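Engineer: Provided below for reference: sequence and predicted model.
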Amino acid sequence: MPEFSTAQVHAGESRDAAHGARVTPIYLTAGFEFDSFAQAEGRFGGEEPGYTYSRSGNPTTAALERRVAALEHGREAIAVGSGQAALTVALLGLVQTGDHVLSAQSVYSGTRGLFENGLRRLGIVIEFVDDPTDLDEWRRRVRPNTRVLFGESIANPGNEILDIEGVAAVAHDNGIPLIVDNTLATPYLLRPGAHGADIVVHSASKYLGGHGSTLGGVVVDQGSYDWAASPFTHLTSPDEWLEGSSYVEAHGAAAYTRFARSVIASLFGPVLSPMNAFLIQQGVETLSLRVQRQSDSALAVARWLESRPEVVRVDYAGLESHPDHELALRYLPRGQGAVVGFALAGGTSAAERFYDAVELFSRMTHIGDVRSLILHPASTTHAHLNRGVREETGITDGLLRLSIGLEDADDLIADLVRGIAAVNAADAIVTDAVVAAAGR
């Protein structure tokens, strides 16, 4: 197996025999022509290799799938239209009405929304573990109908680190798989499959693509879970589409990915455009270079923020003060990612002044961009959550989230100084007004 930086450039390539293109071409076509009646029948029946329709598969998309699977050391990957689509496909490939999903509490707000407002409407029971570091709590809350455990390798935005080996042990002791969202860590910093995760998902819109230009998502089957011995009857029971065979009988170790691709991704239709697949693959080729620099800069920014009296908390697992620092050193020795959360003492008003004062940070909802970004979660991405849930997950009124890009760390800190200055200037005006009023 080549080293990571080599694999991110070469893994999964398929040379263009017709014209000798060195970069995977963009196959921007809805369908694919068949040479004959027999070939068409064979492709739709699965006996003949090749493509039928881009909703079911495309050569450009397939090249991206092979590369990400190689970087995660997985068996097979499925690329879809967004990170939300990736998690949806991964879960609906497993669960059905009446099943129970047990998740870490500290997950991205969009994921929580999918769970609470999407899957619950389908009759899927969702429950959140209050303390994801407490393995006994995971064990206690597993039910007979639990079918999936879920967590994020690095939580967004609190930087909580999932004890993947510990949670995977709980899952496997109960005969069920663990799904890990590895978006913030990327396979460069962490391969969850090496620690027991069975399925890994990515929002490829973030670090895999890296340039903030396109959406995409990827599901990776690690090949570690025994589908034949699983409780997933839709994979082990006879299926009329397979003429009475089960997915396990027909596809063996590929049973899950074949079902997730042909039934969930293809029929529900969250298709990744070949153009987007091409752009994401271009980003993957520089993944290690970007993520290493971004992680190094994030640590420098986090240390600076921690030194400021105006900041009451910094959420970055690379800091010794973070509760999950030991887990971060264990799972993420190369770096602890590029998302930094910090809370200002002055609450919403201080956060607003800081947010409006910065000039280099882009004010937008995204992470993983080459540009540095800033967001106020409580009034934007997490505003739909009730205050109790926000406070439980650390989304306080004074919290700001930074996604560190490729700019020089000193320039980023200089921009943060502008934000601090704006907070202090407003506080000085209030202090002067109070003093003046008292002197009257």
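Structural biologist: Great, that's in hand.
Engineer: So Asn58 sits against Phe278, correct?
Structural biologist: No. With contacts counted by CB atoms under 8 Å, Asn58 stays clear of Phe278, the gap being 10.3 Å. Every residue, glycine included, has its C-beta placed from N, CA and C.
Engineer: Let's see the strand or helix carrying Gly151 as PDB, backbone CA atoms only.
Structural biologist: Using DSSP states H and E, Gly151 falls within strand 146-152. The C-alpha trace of strand 146-152 is given here as PDB (Å, rounded to 0.1, in the frame of the first residue of the first chain):
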ATOM      1  CA  THR A 146     -30.800  -0.900  18.200                       C
ATOM      2  CA  ARG A 147     -29.300  -1.200  14.700                       C
ATOM      3  CA  VAL A 148     -26.600   1.500  14.500                       C
ATOM      4  CA  LEU A 149     -24.300   3.400  16.800                       C
ATOM      5  CA  PHE A 150     -23.200   6.800  15.400                       C
ATOM      6  CA  GLY A 151     -20.700   9.500  16.200                       C
ATOM      7  CA  GLU A 152     -18.300  12.100  14.600                       C
END
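Engineer: Quick test: name the residue nearest the centre of the protein.
Structural biologist: Thr183 (3.0 Å; CA atoms, centre = their mean).
Engineer: Am I right that that residue is in a helix?
Structural biologist: No. Read with DSSP: H, G, I helix; E, B strand; the rest coil, Thr183 is coil and lies in no helix.
Engineer: wait, what's in contact with it?
Structural biologist: Taking CB atoms under 8 Å, 6 or more residues apart in numbering as the contact definition, Thr183 lies against Gly83, Glu152, Asn156, Val201, His202, Ser203, Lys206, Tyr207, Gly368.
Engineer: ok, for the fifth one, nearest residue in space, not its chain neighbours?
Structural biologist: By that I understand His202. Val218 (4.6 Å; CB to CB, 6 or more residues apart in numbering).
Engineer: you'd agree that neighbour is up against Ala86?
Structural biologist: Yes. Contact criterion CB under 8 Å: Val218 and Ala86 qualify, at 5.8 Å.
Engineer: Which residues are in contact with each of these two?
Structural biologist: By CB under 8 Å, 6+ apart, the residues touching both Val218 and Ala86 are Ile78, Val80, Val201, His202, Ala204.
Engineer: From the residues you listed, which land in strands?
Structural biologist: Counting by DSSP state E, the part of the shared contacts of Val218 and Ala86 found in strands is Ile78, Val80, Val201, His202.
Engineer: now those as CSV including neighbour count, distance to Tyr331 and pLDDT?
Structural biologist: CSV is the format used below for these (neighbours: other CB atoms under 10 Å; distance: CB to CB, whole Å; pLDDT from 0 to 100):
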residue, neighbour count, distance to Tyr331, pLDDT
Ile78, 29, 25, 98
Val80, 29, 26, 98
Val201, 31, 17, 98
His202, 30, 17, 98
